[in-house]
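**Student:** Sequence below, structure please.
(2 chains)
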Amino acid sequence: MSRNSSLALAFHLTFVAFMLAPILIVCAVAFTPEGYLSFPTQGLSLRWFKAIARYPEFVTAFWTSIWLGLVSSTIALAFSVPAALAIARYDFKGRDTLTALFMSPLMIPHVVLGIAFLRFFTQIGLGNTFLGLVLAHIVIVFPFALRLTLASAIGMDRAIEQAAISLGASDIMVFRRITLPLIMPGLMSGWALAFIQSFDEVTMTVFIAAPGTETLPVRMFLYIQDNIDPLVTSVSAVVIALTTVLLILLDRTYGLDRLLIGRGRDEA
Amino acid sequence: MTRRDSTPVTVTAITAERRAAPYLLSLPALLLFVGVVLIPIAMTVLLSFHDWGQYKGIEPVLILKNWREVASDGYFHEMFLRTFRIALLVTVLTAVLGAPEAYILNRMRAPWRSIFLLVVLGPLLISVVARTLGWALLFGGSSGVINKALINLGLISAPLPFMFTETGVVVALTHVLMPFMVLSVWAALQQLDPQIENAAASLGASQSTILRRIVLPQILPGILSGAIIVFALAASAFATPAIIGGRRLKVAATLAYDEFLNTLNWPLGAAVAILLLVALMVIIVGCNRLVEGRYAEVFQ
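**Tutor:** Residues are numbered from 1 along each chain as shown, chains lettered A, B, ... in the order given. The predicted structure follows:
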């Protein structure tokens, strides 16, 4: 195996510094003891983390985001399992069109989806409601849920199902006792990825969220539009910390590259 | 067929059932997408043809007023030009920096390979708002960390403007979208046989010849498909240009947002958004054709 040259390593270290710099500075500034933005900070303090509790908008928005993520990624997963089984196992007319439609939220700019949802929900009386947010988020996280469900449905050994059928198991029993447990790791990862996507989404949500249904990224975005102070950095630091924990867990259990590329890791 | 039914009637019934099965299985998701994606988008297209007035609000007529305004007003030309200029610069920067990084990552040994892959791809899942906030802190006017560092190093004498400039938006967006390029090139590299590089080296090829003649042609499809993704996302980016670009430096997404939530001219905002969607679709489909036509054998 060839090694990287020292020039390549210098490039790599600069690259990594570029990728980490904005994330690290948010975390560093969050610990400032001053009443204003300062870096480097004189000493460390948790005062701005404690201040989050006194700003109920962020706390409410945090719980809205958590609930929205839990509900929408669970429903998206429930919709994606039968669709993935159909796409993985049957060669039917319109299969490619259907797959393209299901993956379209990845290609349609989120600002267009935001506008479309705002118009649609206002017309049908779902404007400014949590139900509207849930419907919109189910759609935008669906491709992530489907991609991983599809990968595990394709990679699954069908001989075990056939063995169960030949032993007289019913369709429902085969699905519940054989298929579902076998695709479960893919489903869990798909769910987690969908949850993160829902939790982070801002562009589409900013159109349909109103005071009371604002999600955390939307509240943070609107706050930053007015002014940037250490409070929003401490909120961001909390978000970064939570995401990083989830990220490392996902990397350990499933492999981050495999999760993001959506196909099996090739053992070379 | 694994069933042991013997009569022809039931066989036909089962075949029919099998034929209907994929449609029945995908029906719930299909209904969801027709109801919550296709219908709202069709309504937005319709909305872009409606009339609007400060006092009368939205009037459901079908006229070309908004489209004419977008087509004739220099303000919109400049804004769309800026949007695509930023997207193109970001695409080139991510390709020039991201492709070598993916190659270097791929040549690393365990455990560094997986650690740095996590470091480089991880930011993809971290909130865009938090990452952009980081850039706002790094840029931050004259007191920003980057300007302080550059002045201390003696590279510049006066602080460079990053906030509220295209340069700032391009730098921040390059960071935000970089993981997509690395991921795409990484995926292409996983299919590359390292023995080919070794064979070239054993035949006396220099490192630069190997890179140019062996590696680059094989990862080019990965770079191109990464470029399509990055371009599409950069052209429709919202949070980063809104925070770094501020209220004056408008791009398509932030302009549409303004029309919808500040000016309240929904039909005009819808026209801008639909135009962005159509322009991107044309560019993406065109590039895909080009890439797949040229590299048909790679995609097999």
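
**Student:** From here on, just use CA atoms for contacts and neighbour counts.
**Tutor:** Noted.

**Student:** which ones are touching the residue nearest the centre of chain B?
**Tutor:** Chain B has residue B:233 as the residue nearest its centroid, 2.4 Å off, counting by C-alpha atoms, centre = their mean. Residue B:233 sits next to A:109, B:177 when contact means C-alpha atoms under 8 Å, 6 or more residues apart in numbering or on different chains.

**Student:** mind checking how far it is from residue B:132?
**Tutor:** 15 Å (C-alpha to C-alpha, to the nearest Å).

**Student:** which residues of the stretch 1-150 of chain B fall in strands?
**Tutor:** Per DSSP state E, counting those that start in this stretch, the stretch 1-150 of chain B carries strands over the ranges B:51-53, B:57-59.

**Student:** closest to chain A out of the ones you listed?
**Tutor:** Minimum separation from chain A across the strands of the stretch 1-150 of chain B (C-alpha to the nearest C-alpha) falls at strand B:57-59, 11.6 Å.

**Student:** By mean pLDDT, point me to the weakest helix or strand of chain A.
**Tutor:** Within chain A, no helix or strand scores below helix A:256-261, which has a mean of 80 by mean pLDDT, DSSP states H and E.

**Student:** And chain B, is that helix touching that?
**Tutor:** Yes. Helix A:256-261 comes into contact with chain B (C-alpha under 8 Å from any C-alpha of the partner chain), by way of A:256-257, A:260-261.

**Student:** Show me which of those is closest to residue B:237.
**Tutor:** residue A:260 (20.1 Å; C-alpha to C-alpha).

**Student:** Tell me which stretches of the stretch 151-268 of chain A form helices.
**Tutor:** All helices of the stretch 151-268 of chain A, identified by DSSP state H, counting those that start in this stretch, fall at A:159-166, A:171-174, A:180-200, A:205-208, A:216-226, A:230-253, A:256-261.

**Student:** Contacts for stretch B:169-177, please.
**Tutor:** By C-alpha under 8 Å, 6+ apart, stretch B:169-177 touches A:18-19, B:86-87, B:89-91, B:93-94, B:123-124, B:128, B:131-132, B:135, B:162-163, B:230, B:233-234, B:240-241, B:244-245.

**Student:** let's see 7 Å
**Tutor:** Stretch B:169-177 is contacted from outside by A:19, B:86, B:89-90, B:93-94, B:132, B:135, B:230, B:234, B:240-241, B:244-245, using C-alpha atoms under 7 Å, 6 or more residues apart in numbering or on different chains.

**Student:** on that earlier part again, CSV please, covering the residues of helix A:256-261 next to chain B and showing distance to residue A:225 and neighbour count.
**Tutor:** Shown next, in CSV, are the residues of helix A:256-261 next to chain B (distance: C-alpha to C-alpha, whole Å; neighbours: other C-alpha atoms under 10 Å in any protein chain shown):
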residue, distance to residue A:225, neighbour count
A:256, 33, 22
A:257, 34, 20
A:260, 31, 19
A:261, 34, 16
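
**Student:** Closest to residue A:32 out of the residues you listed?
**Tutor:** residue A:256 (32.6 Å).

**Student:** before we move on, back to that, ok, which of the helices of the stretch 151-268 of chain A comes nearest residue B:167?
**Tutor:** For residue B:167, the closest of the helices of the stretch 151-268 of chain A is helix A:216-226, at 19.3 Å, according to C-alpha to C-alpha.

**Student:** does chain B sit close to the closest one?
**Tutor:** Yes. If you take C-alpha under 7 Å from any C-alpha of the partner chain as the test, helix A:216-226 does meet chain B, through A:217, A:221, A:225.

**Student:** Out of the contacts of stretch B:169-177, name the ones that lie in helices.
**Tutor:** In this view, the contacts of stretch B:169-177 that belong to helices under DSSP state H are A:19, B:86, B:89-90, B:93-94, B:132, B:135, B:230, B:234, B:240-241, B:244-245.

**Student:** So what's the predicted local confidence for residue B:238?
**Tutor:** Looking at residue B:238, its pLDDT is 97.

**Student:** Near chain B, which residues of the stretch 151-268 of chain A? Just list them.
**Tutor:** Taking C-alpha under 7 Å from any C-alpha, the part of the stretch 151-268 of chain A that reaches chain B is made up of A:196, A:200, A:203, A:217, A:221, A:225, A:236, A:240, A:243, A:247, A:256.

**Student:** excluding its backbone neighbours, what's nearest residue A:205?
**Tutor:** residue A:114 (6.5 Å; C-alpha to C-alpha, 6 or more residues apart in numbering or on different chains).

**Student:** Please read the previous query as pertaining to residue B:51.
**Tutor:** Residue B:51 sits nearest to residue B:59 (C-alpha to C-alpha, 6+ apart), 5.0 Å away.

**Student:** I'd assumed residue B:53 was in contact with the one you found.
**Tutor:** No. Under the criterion of C-alpha atoms under 7 Å, residue B:59 is not in contact with residue B:53, lying 8.2 Å apart.

**Student:** Which residue of these two possesses the greater neighbour count?
**Tutor:** More crowded of residue B:59 and residue B:53, by other C-alpha atoms under 10 Å in any protein chain shown: residue B:59, with 13 against 10.

**Student:** Understood, closing this out.
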